[in-house]
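The amino acid sequence is not available; the structure is as follows:
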Ligand code: H79
């Protein structure tokens, strides 16, 4: 059984991920400091310069809403340690750059205003804090810099800082719907972050907050840790089947996926996914009981890249006509059909048809069970009829398209109302 505070999350299915920070200026992705082993000093010019004059959180919120997204998650702090919010615990924050203001507050207010749920991404890794392990760490920018060989931080002090910032984020901005921690690795996992204490503190401030699984507990265990999280977070992949725990019960999950091949803005990366890929990917998530958190990486000026906006607009057109086959929907007991996928909500089955194929479209095992069929996009009748040549398949139902192509080549959705739920 899904816990009640997670219900809205599994219902909404489609969210926007926003990766934004100083790394938008070098424009080589959010890992630039680690990949190029840059020191804090080498990264400092971007702090001095950060001035996103085109940042308009309301515009972002409209873009998300029009794409059919119901919630968003934005980087309050990424691994580079730069805070987009006005933390009392550091000077390394947006208010001290030319931006001069709390960029997270604007995001939260604008998205909430559009009726979207708001989430925050917070990196538990920190490449800026003095007390975070430097030399010998797996990924720290100074991991093999000899001048840090004898650097000794007090990890306890980092934990106090990290917990303190989470407390600020959950105290100063009203309801936060999702907390998206990133990430545990090797022995930097679970109680190393004082995760039980952290989550107890979080739940005392925001009892219903939905938390990801990256503090490093085991959601699949028969008795998950208090910090195991509310949803699994596959990254850059869609799980081959849904996700289940050790008892075989379905777990909540959300795949996070980039629109091109980077999270943070990358000027040279034009490898964008098509609207079709995004739409079918979203449907694939829903058909397996999961969500899609689709990323945008705004540039240094504060704009979501034009290509991303164009894709989201196309996705929005499809969602506007077909969103009923996504929101509140989940897997269908029927096997995956040859022409596409099924999603289901109660006694409504949605046939997502990708392949017109040859001859009629076959609904395996649904003979006599369909009360009516409608093209979801316009509500028009679709006749369920067994054609003369299909008499050998008495268990199956059929529809026929008179045209050689589908009404919507990206994804034609037929809503099947069943006489009773299967
Ligand atoms: O915030 C986004 C990523 O920055 C973060 N999670 C998403 C949501 C993330 N952190 N680590 N990872 C993802 C996995 C690490 C992958 C790596 Fe690599 C492979 C690190 C080094 C090699 C990817 C490729 C990052 C740099 C090169």
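All right, it came through fine. In this text the structure is predicted, and so the values were computed from the model without any measurement.

Dihedrals phi and psi, residue 67?
Dihedral pair for residue 67: phi -80, psi -10, per degrees, to the nearest 10.

how much space between it and residue 299?
Using CB to CB, to the nearest Å, residue 67 is found at 19 Å from residue 299. The way it works is simple: take the backbone N, C-alpha and C, and place the C-beta from them, glycine included.

and what of residue 259?
Noted for residue 259: a distance of 13 Å to residue 299, by CB to CB.

between those two, which one's more packed in?
Neighbours around residue 259 and residue 299, counted as other CB atoms under 10 Å, are more numerous at residue 259. The numbers are 23 against 19.

For the more buried one, list the residues it contacts.
Counting by CB atoms under 8 Å, 6 or more residues apart in numbering, residue 259 touches 272-273, 278, 294-296, 307-308, 311.

Tell me the bridge partners for the residue nearest in space to the middle of the chain.
For the chain, the residue nearest the mean C-alpha position is residue 293 (1.7 Å; CA atoms, centre = their mean). Note on residue 293: beta-bridge partners residue 15, residue 256, judged by DSSP bridges.

what does this structure have sitting close to the ligand?
Neighbours of the ligand within the chain, by CB under 6 Å from any ligand atom: 19, 30-31, 35, 182-183, 235, 256, 263.

Name the residues of the helix or strand encompassing residue 9 that are buried.
Per DSSP states H and E, residue 9 falls inside helix 7-12. Neighbour-count burial for helix 7-12, with 16 or more other CB atoms under 10 Å as criterion, is recorded at 9-10, 12.

what's the helix or strand for residue 158?
Here residue 158, judged by DSSP H and E, is contained in helix 155-171.

Just after that helix, pick out the following helix or strand.
strand 178-182.

Which elements pack onto that next one?
Strand 178-182 sits against strand 71-77, strand 117-123, helix 155-171, strand 210-211, with contacts defined as 3 or more CB pairs under 8 Å, 6 or more residues apart in numbering; DSSP states H and E.

And the next helix or strand past the first one?
It refers to strand 71-77. Using DSSP H and E, the first helix or strand after strand 71-77 is helix 103-113.

what is the orientation angle of that following helix with strand 71-77?
Angle, helix 103-113 to strand 71-77, by axes from the mean of the first three to the mean of the last three CA atoms, to 10 degrees: 170 degrees.

tell me which strands and helices helix 103-113 is in contact with?
Packing partners of helix 103-113 (3+ CB pairs under 8 Å, 6+ apart): helix 57-66, strand 71-77, strand 117-123.

Return the distance of that helix from the chain's centre.
How far helix 103-113 lies from its chain's middle: 18 Å, per CA atoms, centre = their mean, to the nearest Å.

list the buried ones in it?
The neighbour-count check on helix 103-113 (16+ other CB under 10 Å) flags 103-112 as buried.

how deep is the residue of the stretch 151-300 of the chain found nearest the ligand tucked in, by neighbour count?
Residue nearest to the ligand within the stretch 151-300 of the chain: residue 263 (4.2 Å; CB to the nearest ligand atom). By other CB under 10 Å, 25 other residues sit near residue 263.
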